[in-house]
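Enquirer: I would like the atomic coordinates for the input below:
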Amino acid sequence: MDCPVCKEPMVVLELSSVEIDHCINCGGIWLDAGELETLLESAEKKDEVLNSFGVEGASREMRRKCPICIEKMDKVLCGRNKKILIDKCAKNHGIWFDRGELHNIITTGGLDENNKILALLKDMFGEKSAENIKKGG
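Expert: Residues are numbered from 1 along each chain as shown. The predicted model follows:
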């Protein structure tokens with residue numbers, strides 16, 4: 001699968017039965033439908049994060065194409081204050097996170113720094129990369 005941002009092939013990483021497509025060039029992450037839900041440990045946290053998603057029709061940010069169906073994805077505002085803009089396939093194939101966005105959603109969802117998702121990202125990308133993900137850069 002090619003990255004929707006830089007068009008480079010992504011690598012598939014698997015840990016704890018979750019596959020993450022990762023672009024080593026730009027640092028973005030693609031999660032297929034249902035994978036974010038798997039990463040969110042409790043039903044309460046899952047509902048809080050997923051219910052925070054709202055399609056943003058006025059965004060001026062370029063709409064990216066879904067790497068599965070090649071259709072333009074919706075820009076979705078999410079998080080407690082709806083300040084994080086991510087890309088979500090309108091046909092529900094998955095969600096694209098630019099570097100740092102997944103961490104920002106996790107923390108705005110009220111998850112602590114020792115949760116499963118951050119541990120997963122640390123295991124997959126190493127200490128230095130996990131710190132960059134935490135900082136959003």
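Enquirer: got a list of contacts for stretch 59-73?
Expert: Residues lying outside stretch 59-73 but in contact with it, judged by Cβ atoms under 8 Å, 6 or more residues apart in numbering, are 1-5, 10, 21, 30, 32, 74-75, 85, 87-91, 93-94, 96. For glycine as for every other residue, the C-beta is placed from the backbone atoms N, C-alpha and C.
Enquirer: Can you go through the residues you listed and name the buried ones?
Expert: 3-5, 10, 21, 30, 32, 74-75, 87-89, 93-94, 96 (16 or more other Cβ atoms under 10 Å).
Enquirer: Name the nearest of those relative to A58.
Expert: Ranking the buried ones among the contacts of stretch 59-73 by separation from A58, with Cβ to Cβ as the measure, puts K75 on top at 8.9 Å.
Enquirer: residues touching that closest one, list them.
Expert: Here K75 is in contact with 55-56, 59, 61, 63, 85-87 (Cβ under 8 Å, 6+ apart).
Enquirer: Could you do P9 as well?
Expert: P9 touches 1-3, counting by Cβ under 8 Å, 6+ apart.
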